[in-house]
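Enquirer: Predicted model and sequence below, questions to follow.
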Amino acid sequence: MKLGRLNHIGVATPSIADSIVFYREVMGATKIHEPFDLPEQGVKVCFVDTPTDTGLNGTQIELIEPLPGNTSIAGFLEKNPAGGQHHMCYEVPDIHAAKAEFEAMGKRVLGEPRIGAHGTPIFFVHPKDMGGVLTEIMETPKGAH
Ligand SMILES: CC[C@@H](C(=O)O)C(=O)SCCNC(=O)CCNC(=O)[C@H](O)C(C)(C)COP(=O)(O)OP(=O)(O)OC[C@H]1O[C@@H](n2cnc3c(N)ncnc32)[C@H](O)[C@@H]1OP(=O)(O)O
Ligand SMILES: [Co+2]
């Protein structure tokens with residue numbers, strides 16, 4: 001496995017609206033995307049861009065709020081009512097090759113690759129196999145960077 005670009009850090013929140021105020025007023029974020037629902041993943045999502053000196057896309061903060069019926073984020077928020085860092089997402093060139101590599105190393109891949117918030121396939125690797133960090137792997141969008 002070759003470490004890829006850190007695409008985003010997932011932050012679970014009980015209120016994306018409140019988190020937007022926090023990132024704008026406390027963290028000085030100037031580019032906050034419009035929130036949208038991703039029912040297939042059971043979440044509402046909002047991306048906050050971090051600036052770069054290069055003009056290339058920087059790592060994003062991915063705010064995630066559970067939609068009704070979601071159990072994984074809702075369970076996380078039960079343990080962490082104010083929200084908190086939930087996952088880290090790295091890019092790979094080939095999602096199926098990456099899945100095979102993690103599985104060959106004995107890591108628990110959580111389900112099959114599915115389309116994530118950037119429109120490319122993603123999968124998750126269990127935090128207990130990843131030093132305590134829930135790890136998302138996503139295929140780099142075509143033409144990105
Ligand atoms: C927006 C779309 C997409 C994108 O394109 O970017 C996303 O990011 S969607 C993000 C939300 N989706 C997911 O998280 C899917 C993958 N997650 C899961 O399958 C589960 O949440 C889980 C990781 C398997 C956890 O299982 P769950 O049943 O929900 O919770 P438990 O309480 O049983 O947890 C077991 C164990 O793991 C620890 N844990 C749970 N979540 C995390 C976490 N985010 N980071 C680190 N550790 C985590 C939990 O504390 C338990 O440990 P013990 O208490 O020691 O047993
Ligand atoms: Co994510």
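Expert: Okay, I see it. Treat the numbers as computed from the prediction; the structure is a model and nothing was measured. Numbers count the residues shown, from 1 in each chain. Ligands and ions are numbered 1, 2, ... in the order given.

Enquirer: Could you tell me how far the closest residue to ligand 2 within the chain is located from His96?
Expert: With CB to the ion as the measure, Gly10 is the residue of the chain nearest to ligand 2, at 4.2 Å. (Each C-beta comes from the backbone N, C-alpha and C, glycine too.) In this structure, Gly10 and His96 are 22 Å apart, going by CB to CB, to the nearest Å.

Enquirer: These two: who's more crowded?
Expert: Taking neighbours as other CB atoms under 10 Å, Gly10 and His96 compare with Gly10 leading, 21 against 13.

Enquirer: so the more buried one touches Thr135, yeah?
Expert: No - taking contacts as CB atoms under 8 Å, Gly10 lies outside contact range of Thr135: 10.2 Å.

Enquirer: Give the residues shared as contacts by those two.
Expert: Common neighbours of Gly10 and Thr135, counting by CB atoms under 8 Å, 6 or more residues apart in numbering, are 87-89.

Enquirer: among those, which are in strands?
Expert: Applying DSSP state E to the shared contacts of Gly10 and Thr135, the entries found in strands are 87-89.

Enquirer: can you give me the helices in the chain?
Expert: Secondary structure of the chain (DSSP state H): helices at 16-25, 72-79, 95-104.

Enquirer: elements contacting the first one?
Expert: Contacts defined by 3 or more CB pairs under 8 Å, 6 or more residues apart in numbering; DSSP states H and E place helix 16-25 against strand 43-49, strand 60-66.

Enquirer: what's the most buried one of these?
Expert: By mean neighbour count, with neighbours taken as mean count of other CB atoms under 10 Å, strand 60-66 ranks first of the helices and strands packed on helix 16-25 at a mean of 23.
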